[in-house]
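Trainee: generate coordinates for the sequence data below:
(chains A and B)
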Number of protein chains: 2
Amino acid sequence: MLFSKLNINNDEPIYIQIKNHISTMISKGLIPNNSKLPSSRELSQLLGVSRNSVMLAYEELKSDGFIYSISGKGTFASSNNISPNSTWQLNWDSFENEYSKTANKLDIVKNEITWQNNLISFKSISPNGELFDIDELKKSFLNRISLEGHKLLNYGYAQGYKPLIDYLHDYMSLKGVDTSNKEILITNGFTEGLDLILSSFMNRGDYIICENPTHNTAIKVMKAMGINIIGVDINKDGLDFNMLKEKLKLYKDKIKFAYITPSYHNPTGVVMPPESRSIFYNLMKTYNIAVIEDGFNEELLYSSSHIFPICSLDNLNNGVVYIGSFSKILFPGLRIGWILADKNVVSKLESVKRCRNIHVSFLDQGILYDYLSNGCFEKYIKKIRKFYGDKFNFAYDCVKKYIPCNYILGDGGLHLFIKLKNIDSRKLLLRCYDKGVIFMPGDVFYVDDKVYDTLRLGFSRISIEDIEKGIKIIGDTIRELSN
Amino acid sequence: MLFSKLNINNDEPIYIQIKNHISTMISKGLIPNNSKLPSSRELSQLLGVSRNSVMLAYEELKSDGFIYSISGKGTFASSNNISPNSTWQLNWDSFENEYSKTANKLDIVKNEITWQNNLISFKSISPNGELFDIDELKKSFLNRISLEGHKLLNYGYAQGYKPLIDYLHDYMSLKGVDTSNKEILITNGFTEGLDLILSSFMNRGDYIICENPTHNTAIKVMKAMGINIIGVDINKDGLDFNMLKEKLKLYKDKIKFAYITPSYHNPTGVVMPPESRSIFYNLMKTYNIAVIEDGFNEELLYSSSHIFPICSLDNLNNGVVYIGSFSKILFPGLRIGWILADKNVVSKLESVKRCRNIHVSFLDQGILYDYLSNGCFEKYIKKIRKFYGDKFNFAYDCVKKYIPCNYILGDGGLHLFIKLKNIDSRKLLLRCYDKGVIFMPGDVFYVDDKVYDTLRLGFSRISIEDIEKGIKIIGDTIRELSN
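Mentor: Below is the predicted model:
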């Protein structure tokens, strides 16, 4: 294309014509600075001229400063000696909309102290990768690829990989969910699940009710969309049902959705008892509020036996949208979660998913399906329940021993939540940081930012020794601040 | 948790207490229908009672119809004999917002004839999976996993996998782009790239200018967001610059973005010559309109030599946002694309990406990086250029031979675009469908739906024999309709 306008004529020497064409293209910026030119052999073939003519042209262009050569790499354009065009600087800040501004402002990764070497960090609640069974993952990859071949690598379906969908149907049935009127959509993890639901059914200014504190990413997603959040306190006695009822009366027909994490709630670690799940579900039904149930860490039940998601109470109703994810325990790097909801709801979400990014990686879905269905998952779950359970108990004991506080929350999971005695957790964080320890200040989990004296400790990736060392440092620093 | 409220006392027989607790839980719906109960062994351990007491309780519950057993599988709750709660059917249609409604209405997969066995389908422009080098992909997987281990499987970074980002920096430099003031964000394919940019910088009612016809998914993404689209004709002479200038004058300060596909434009297959790219860029600069350049299929240059993206003209300016993707030629199932833009722009988009779905699968990014950087990609590109180039020429000749039309568009790529002589392509499609041939009617590519007599033929996955057979059928059917 760059040479399609060069028609060699008989009036001038060929090398001159080539040289003039290239120097003009470079001057106009059509051949960019430092971009590679065809080799003399390629160009002579393309133009149907002798290689000598091209070499001669390149020699002259070199001495004129239009091109340069790097031996073994090729010939490149140089437009450094050409006066540049006038500059053009768009004011992107003025283009930016409210959605992006909020997503940036509430981006914890950008705005909080990040992990560095030698820090003991209680910030993360991501799983300990050393527990992953990589050999089994390799087997799953090789097995799936040999069974499915290039089908896993080409375009798939927005709803997801059928065998994985079927597996999750059964998986949800075992949790006591009647899936006969429901469907599943595979998403890029929990976060995309929540984003798709709110993007499809909420408008700016709509109302949602949720636990306060709650998952900071959920707060960010909601606030970025301009959704009004009504928080209901959750503390050592669980969700404050009196407050919930008051808010329901107060906002009545305004509230469209409730967002709730009944198991190992983030950040408090509280598990909602079966009776409360039933009361909650019936309240939402009475007020006609759709429930978004975050199945977060449901798999990590250390001590107690069966407990059923709120979704299992929905039977053939359509009031609950369940979001599942293994990301807090298994391969979060693969970004696979799912939505289970009424068929009509999933059909709408499927088109929105396709509009957003076509579908989730079919390769990853295939690998995960293979891993889940060949029995590895059950073994893995047993292993991590023991591993994290022991860590949980150890961390809990350390907190009781070292940290003066009002109360400790957490029925299990990968984290503990601590209510201090009027200590500003931001001040505490800065002092601890100087001593090599960081954690997540609790304010980021509150819908209104007003609670300043709580913190979350994630322990999944920290050694037993560092858990004790770190918690002791936090406790000592609290005592310094109290004096 | 389900049994935490059962405190065995000495007043009643133990099996009666167990039986009453379970029947109450089932009646209240706290143990869902068909959900699995603990085995008698598990429950006796949990409660600290004899296994006999549990077995006796289970026997009575069975005869009362509260539970049933499946041999080898376990014991399950049955609430079929309990009067169900009053039903609850939320009206989700009334919850649905404009975004979801439009994404659903314009969802081609839902609304167009889909592929079935034995159909010759010219609808798809996805790559032919049989060309994928699966052995090399396996090697890349195994190599990357052994180098990176569980790091590739745990949470990564929203911007992307660093080695892949670095590779793409170099890759874009080879295309003549000065990347020194620019950054790269890895996205779930082209579609997410476009969605992120528009989601971050556009509001409902804002204006965008683009080629007409253009990529139907882009139209869908824009319309779902309520963006006003200004179309500029593209036909056998390329983009209509007179029309472009008129529209620029008419809408002047209203237009924020231009969306353009300079190479193998979808659906027309037209490649914009270097001189036109420069004129286009300078016009956008004059009117202060940010350019979104769709790098679609740029790799598929069959015949001509080097051509540089519009982005290469931007130098140290910040006016062009380039979206790249290998999905039309390599592993679309992995959903990996990238945005190259001004550092400030990418920083904003990074937070929006994190807010949407955290990041793209790190496993997939790792595999793709390994594959790209070990030299497989160059070999693959040479192979597919020849393969698709031959197919393109063959399909072009068939269309010339069999299809009466006004003109054929396409400089290469995986498709051809045909302007018929006043034949309704929807009517044609229905007739061809009866004869076992389908294609993409052109109206879906027009921003205003008004052009009815065009069609796109994708040929990447069809055999040479079927290309000829299918095109002949389309031609014959046109003749029938003309009579």
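
Trainee: tell me where the stretch 201-350 of chain A has helices.
Mentor: A:216-224, A:241-251, A:274-286, A:343-357 (DSSP state H, counting those that start in this stretch).

Trainee: which of these comes out lowest on mean pLDDT?
Mentor: In terms of average pLDDT, helix A:274-286 trails the rest of these, at a mean of 94.

Trainee: what residues sit buried inside that one?
Mentor: A:P274, A:R277, A:S278, A:F280, A:Y281, A:L283, A:M284, A:K285 (16 or more other C-beta atoms under 10 Å in any protein chain shown). The C-beta positions use only the backbone N, C-alpha and C, and glycine is treated the same way.

Trainee: on that earlier part again, can I get the helices of the stretch 201-350 of chain A in a markdown table including distance to chain B?
Mentor: Listed next are the helices of the stretch 201-350 of chain A as a markdown table, based on distance: least, C-beta to the nearest C-beta, whole Å:
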| stretch | distance to chain B |
| --- | --- |
| helix A:216-224 | 6 |
| helix A:241-251 | 16 |
| helix A:274-286 | 4 |
| helix A:343-357 | 4 |
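
Trainee: quick one: closest of those to A:E299.
Mentor: A:E299 lies closest to helix A:274-286 among the helices of the stretch 201-350 of chain A, at 17.2 Å (C-beta to C-beta).

Trainee: from one end of stretch A:145-154 to the other, what's the distance?
Mentor: Taking C-alpha to C-alpha, to the nearest Å, stretch A:145-154 runs 12 Å from one end to the other.

Trainee: regarding chain A, what is its longest helix?
Mentor: In chain A, taking DSSP state H as the definition, the longest helix is helix A:376-402.

Trainee: name the helices or strands packed onto that helix?
Mentor: strand A:407-409, strand A:415-419, helix A:464-482 (3 or more C-beta pairs under 8 Å, 6 or more residues apart in numbering or on different chains; DSSP states H and E).

Trainee: where does chain A dip in pLDDT?
Mentor: For chain A, the stretches with pLDDT under 70 are A:1, A:81-85, A:301-306.

Trainee: distance of A:K5 from A:L430?
Mentor: According to C-beta to C-beta, to the nearest Å, A:K5 stands 65 Å off from A:L430.

Trainee: give me the number of residues near the residue lying closest to A:Y452 once chain neighbours are set aside?
Mentor: Taking C-beta to C-beta, 6 or more residues apart in numbering or on different chains, and ignoring the residues beside it in sequence, A:Y452 has A:D424 as its nearest neighbour in space, at 5.2 Å. Using other C-beta atoms under 10 Å in any protein chain shown, A:D424 has 14 neighbouring residues.

Trainee: quick one: A:D424 and A:V451 touch, right?
Mentor: No - using C-beta atoms under 8 Å, A:D424 makes no contact with A:V451, being 10.8 Å away.

Trainee: in its sheet, what does the longest strand along chain A sit against?
Mentor: Counting by DSSP state E, the longest strand found in chain A is strand A:228-235. Strand A:228-235 sits in its sheet next to strand A:207-212 (parallel), strand A:238-239 (antiparallel), going by DSSP bridges.

Trainee: which ones are touching A:Y58?
Mentor: When contacts are counted by C-beta atoms under 8 Å, 6 or more residues apart in numbering or on different chains, A:Y58 touches A:L37, A:S40, A:I67, A:S69, A:T75.

Trainee: show me which residues of whichever strand or helix holds the last one are buried.
Mentor: This means A:T75. In the assignment (DSSP states H and E), A:T75 maps to strand A:74-77. Neighbour counts using 16+ other C-beta under 10 Å place A:T75, A:F76, A:A77 of strand A:74-77 among the buried residues.

Trainee: which of these sits closest to chain B?
Mentor: The closest of these to chain B turns out to be A:A77 (C-beta to the nearest C-beta; 7.8 Å).

Trainee: what is the neighbour count of the nearest residue to A:G269 once chain neighbours are set aside?
Mentor: Nearest residue to A:G269, sequence neighbours excluded (C-beta to C-beta, 6+ apart): A:G410, at 3.1 Å. Look at A:G410: counted by other C-beta under 10 Å, it has 23 neighbours.

Trainee: now do the SS call for the spatially closest residue to A:N9 that is not a sequence neighbour.
Mentor: Nearest non-adjacent residue to A:N9, counting by C-beta to C-beta, 6+ apart: A:Q17, 7.1 Å away. Following DSSP: H, G, I helix; E, B strand; the rest coil, we place A:Q17 in the helix state.

Trainee: so A:Q17 is in contact with A:F3, correct?
Mentor: No - judged on C-beta under 8 Å, A:Q17 makes no contact with A:F3 at a distance of 10.9 Å.
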